[in-house]
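> Using only what follows, build the 3D model:
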Amino acid sequence: MKLFQIAVRTVLFTALLTAAAAALGQTRPGDVTMDVPFAFHLAGQQFPAGHYIVRNEGDVCLRIFSAERRGLHVPTHQSLRTESDGSKLVFHRYGATYFLSQVWANGSTTGWVLSQSRAERELADRAEEMDLAVVRPQSPRLEAAGQEKLGVENLGPAK
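Sure thing, here's the model as predicted:
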């Protein structure tokens, strides 16, 4: 009898764990998934380096989350580009501090721009030089060119 109870508990725990992992790991069409190789700030919170999913939650809100983190809903406004050049996350970099600034999805000319946080505005007000860093899904083209294998493009100072 005791062995049966242990087996039932083990099966139930495994089923619950599998369901939770599937729910956290699900992506939908239009989601942007990316491995960010550095910690970054967003809406006053710091996110560690890791695998993130960015989901459009309406025309003016994005949800950014990972399997380890429930995530955050942030207000945005839309921006247009003339042609799609793939999925990418655009960060403003001040020294070693990164702030998520834009999200672009593959196949779309519409992206999302995030407002500057108070911390980013303070760095900008102190005349800290701001560079742009773009994170894309790992690209064989970047590996072949000998650039960072994580798909990070440092674009230099923003103009």
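> Please enumerate the helices of the chain.
2-25, 118-125, 140-144 (DSSP state H).
> Which of these comes out lowest on mean pLDDT?
Mean pLDDT per stretch puts helix 140-144 lowest among the helices of the chain, at a mean of 40.
> Now do the buried residues in stretch 51-67.
By neighbour count with 16 or more other Cβ atoms under 10 Å, stretch 51-67 contains the buried residues 52-56, 62-66. Where C-beta positions appear, they are placed from N, C-alpha and C, glycine not excepted.
> got a list of contacts for it?
21, 24-25, 27-28, 30-36, 42, 47, 50, 71-78, 89, 100, 103, 105, 112, 114 (Cβ atoms under 8 Å, 6 or more residues apart in numbering).
> Assess the claim that E83 and T110 are in contact.
No. Counting by Cβ atoms under 8 Å, E83 stays clear of T110, with 11.8 Å between them.
> Contact partners for the closest residue to F47 other than its chain neighbours?
Nearest in space to F47, with sequence neighbours left out and distances taken as Cβ to Cβ, 6 or more residues apart in numbering, is F40 at 5.4 Å. Listed by Cβ under 8 Å, 6+ apart, the contact set of F40 reads 46-47, 91, 98-100.
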